[in-house]
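Colleague: Following is a predicted model, sequence given first.
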Amino acid sequence: MNTIKTLCRIGQAGNATAEASVTISLLLLLILGAGGFVRTLSAYNTMLLAIQEAGRYAMVHNQQLQDACTTQRQAPRCPLPSNTALANCAAEVAQRRFSLYQGSNIDVSVVEDRTSSPPTITICASYPVDSFVPEILSYPPITLAREVTVPLI
């Protein structure tokens, strides 16, 4: 009689171990997924703040002489950039602001439209976000893109 109770307890102990391992695995996956989502949301917010700051820079420095800034390159999922001093400097401002907070480079394309009334400048940025833990959660990089248009008054 005692041996039957002992055998039942051994079976229950193994069952609890199996349930705990499944539960812990699912919780770990959920936590890592939430961390990746938070990281992506933070990068998107930082990217938006950086291009808004570049838009403010363009509005303030529209009529002033521009410093010599590096020529911008085409950002993925963005229009072809203008090669003007104001556009190049606005792109550089966005890249510097983003790298201050995220630590990596962002692709920025700035397009000036002097034919519209009032003249506008469009700042488009894209940033690839990789998996939070590529060994566990492997998915292709997500490219975040955002565009802001501001008037040049």
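Modeller: Structure received.

Colleague: C-alpha from now on. contacts and neighbour counts both.
Modeller: Fine.

Colleague: so Leu144, which of the three states?
Modeller: strand (DSSP: H, G, I helix; E, B strand; the rest coil).

Colleague: How much space separates it from Val110?
Modeller: Applying Cα to Cα, to the nearest Å, the value for Leu144 to Val110 is 16 Å.

Colleague: in which helix or strand would I find Ala68?
Modeller: Under DSSP states H and E, no helix or strand contains Ala68.

Colleague: Correct me if wrong: it contacts Ala87.
Modeller: No - applying Cα atoms under 8 Å as the test, Ala68 and Ala87 come out as separate, 11.2 Å apart.

Colleague: Pick out whichever of these two has more residues nearby.
Modeller: Counting neighbours by other Cα atoms under 10 Å for Ala68 and for Ala87 shows that Ala87 has the greater number, 27 against 10.

Colleague: Quick check, the more buried one in contact with Asp113.
Modeller: No - if you go by Cα under 8 Å, Ala87 and Asp113 don't touch, sitting 10.5 Å apart.

Colleague: who touches both of these two?
Modeller: Common contacts of Ala87 and Asp113 (Cα atoms under 8 Å, 6 or more residues apart in numbering): Ile121.
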